[in-house]
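J.: Below is the sequence, then the predicted model.
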Amino acid sequence: MLYFTLAAKAYSRNLQYRGAHMVHNLASAMFGFIYASIWIGLGRDNPLGAYGTHGMISYICFTQSLLWITSFISNGLGIPQAVRTGQISLDLMRPIHLFSHMAAREWGQIAYQLVYKSIPIYILYLIIFPLQFPKSGSVIALVAISVVGAAYISICMNYLIGITALWTTESSWFYWANHALVNLLAGFFIPLEWLPSWLSQLAWYSPYPYLLYVPTRIYLGYEHGSHIWGTLLWCAFLTLICLLATRVLRHKVEVQGG
Amino acid sequence: MKDNLKLSSKLKSWLELYNLLIKTSVRSRMQYRFNFLLGSVLAALIQISEFLMVAIVLYKFGAIQGWSMYEMGYLFSVMTLSKTLYRTFADEVHHLEKYLVEGDLDQILTRPVPVLLAIMPRNFRIMLGEVLQGGFILGWSLHGLWRSGQIDWMSIAFTLFIIVTGAVILFSIGLATATIGFWTTRIGELQTFTEDAARTAGQYPLTLYPKWMSSMLLIVIPVGFVNYVPALYIIRGELGVWVLAAVAVVAMICLGASLRFWRFGITKYQSTGS
């Protein structure tokens, strides 16, 4: 119940700005439009593998909408900010685990972004482009599992990025590096199979493909559920790391100011 | 005559002030030299990832609508360097919202210098990461284009020229957007559209886009004149040398129009107070 309240608060805090966010969605949709245009240009001279131009447009539109749930979430879950203001010491005193506290808050944020960012942006694309859809209910269920898993993986990764702020004042670098890796390894613009083979091999050793590529492939019907196991495995593994890291962190609190 | 003298001495003292500010800014960054250098290199690497994702696609599929990998790199890096030049000197224009929301502009309005001249030197930003990134991609593209015989020494001089005119155009777009803030106070969302999204679109050849959008990027938000239009002449030998003169004229028109708009907008300023 407490967790639900935390999430609901994070959700409703954003509602104040939904008008501005709607305007922002137009700009966000522009980026997807630019990327789709590049693929349309490429598609005039190339068959574009298994996807075809139509498939690649659908791919870009889905990943661009998905970004707001599984990649563009709060920078380090807001922990670097809390370290700077000293709030972190209060957060650690609470009778609730830091990780589940931060995660619950972020779930509220993600729910908001699903309703007010991902869905409106996807609807915009639907108006502009002809898109490919899943053919059965079971596919939709698999997509849902992989998206929720991806959002959770992203929460864990941002938690780990966030708590580095206790050791270094430069934790924003990890955030930016994470962005760069999402660009390259998550299938943000290029499907992974078209990366140079060493790079795509590297990608599959990381959780990045599960953020965008896997849910999108399942959604578009190029993949069956087997990758879901990978998603779940990363969820379990990262949870463990987050819990261990929190244990270490409890001995290391050093606030920078008040 | 007397007025002219007064103006030139004013300008001189402003330039001296600006110079001093740049020196202080450099010195303060150098207090943490290692941090600054490492940060810049990291920033460059991170930003290269954006170009890398397009470069990988080009490497795999060849050209996009007749634009080779080097030509795309040229468009991309000229845009980056123009933006860097604009933001190095006029970052505060991009952050005008801060002044509007917090009411800091009231104080500045009372100073005996034009508002723009008062805010621009407040933050001289050293963007070494962007310079490294843009410079590296530009160098790599020029090298490739040179080897295929598409460019000569003149092209390199022209490139430097269009980076400057491009910065003027981007500054004008930024200033016009900021001016709208005098009516709306908040401009962040609009900036994402006119500055970030438009600039990102301009990193790629305009022929990729539908007609309405490429026209918009040439007429309404003229980012097309930063890199695409001049590149048609400089690296592809299309049109003629007059294109460069035309680009300079466009840059001057943009600057004049946005300054005029700014001067009009500032008369409509209402303090938010606090």
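T.: Done, it's in.
J.: Buried residues, the strand or helix carrying residue A:246. List them.
T.: Using DSSP states H and E, residue A:246 maps to helix A:228-249. Residues of helix A:228-249 classed as buried under the neighbour-count rule (16 or more other Cβ atoms under 10 Å in any protein chain shown) are A:228, A:230, A:231, A:232, A:234, A:235, A:238, A:239, A:242, A:245, A:246, A:249. Where C-beta positions appear, they are placed from N, C-alpha and C, glycine not excepted.
J.: from those, which single one is nearest residue B:43?
T.: residue A:245 (26.1 Å; Cβ to Cβ).
J.: Without its sequence neighbours, what residue ends up closest to the spatially most central residue of chain B?
T.: Note on chain B: the residue nearest the mean C-alpha position is residue B:83, at 2.7 Å, using Cα atoms, centre = their mean. Leaving aside its sequence neighbours, residue B:83 sits nearest to residue B:170 (Cβ to Cβ, 6 or more residues apart in numbering or on different chains; 5.7 Å).
J.: give me the low-pLDDT residue ranges for the stretch 101-250 of chain A?
T.: Within the stretch 101-250 of chain A, the set of residues satisfying pLDDT under 70 is empty.
J.: and residue B:57, what does it touch?
T.: Listed by Cβ atoms under 8 Å, 6 or more residues apart in numbering or on different chains, the contact partners of residue B:57 are A:38, A:42, A:189, A:190, A:194, B:64.
J.: in the longest helix anywhere in chain B, what's buried?
T.: Using DSSP state H to define each element, chain B has its longest helix at helix B:153-184. Within helix B:153-184, the residues that count as buried by 16+ other Cβ under 10 Å are B:155, B:158-159, B:162-163, B:165-182.
J.: Now it: average pLDDT?
T.: For helix B:153-184, the mean pLDDT works out to 92.
J.: Please identify which pair of the contacts of residue B:57 lies farthest apart.
T.: Using Cβ to Cβ, the two most remote members of those are A:194 and B:64, lying 14.2 Å apart.
J.: Looking at these two, which is more packed in?
T.: residue B:64 (27 against 16; other Cβ atoms under 10 Å in any protein chain shown).
J.: Residue B:229 versus that one, what's the distance?
T.: Here the criterion is Cβ to Cβ, to the nearest Å. By it, residue B:64 lies 18 Å from residue B:229.
J.: hmm, back to that, other SSEs contacting the helix holding residue A:246?
T.: Helix A:228-249 makes packing contacts with helix A:98-113, helix A:137-163, helix A:213-219 when contacts are defined by 3 or more Cβ pairs under 8 Å, 6 or more residues apart in numbering or on different chains; DSSP states H and E.
J.: how many degrees apart are the second one and helix A:228-249 in direction?
T.: Using axes from the mean of the first three to the mean of the last three Cα atoms, to 10 degrees, one finds that helix A:137-163 and helix A:228-249 are set 20 degrees apart in direction.
J.: ok, helix A:137-163 near chain B or not?
T.: No - under the criterion of Cβ under 8 Å from any Cβ of the partner chain, chain B is not reached by helix A:137-163; the shortest gap measures 13.7 Å.
J.: Buried residues in that helix, which are they?
T.: Going by neighbour count (16+ other Cβ under 10 Å), the buried part of helix A:137-163 is A:139, A:142-143, A:145-163.
J.: ok and it relative to helix A:98-113, angle-wise?
T.: Going by the same axes, to 10 degrees, helix A:137-163 makes 130 degrees with helix A:98-113.
J.: which secondary structure elements does helix A:137-163 contact?
T.: Packed against helix A:137-163 by the contact rule (3+ Cβ pairs under 8 Å, 6+ apart) you find helix A:52-70, helix A:79-85, helix A:98-113, helix A:172-185, helix A:213-219, helix A:228-249.
J.: which intervals of the stretch 151-274 of chain B have sub-threshold pLDDT?
T.: For the stretch 151-274 of chain B (pLDDT under 70), the answer is B:273-274.
J.: That one against chain A: which residues are in contact?
T.: Within the stretch 151-274 of chain B, the positions lying close to chain A (Cβ under 8 Å from any Cβ) are B:186, B:188-190, B:192-193, B:196-197, B:200-201, B:204, B:207-210, B:213.
J.: Would you check which pair of those lies furthest apart?
T.: B:186 and B:207 (34.8 Å).
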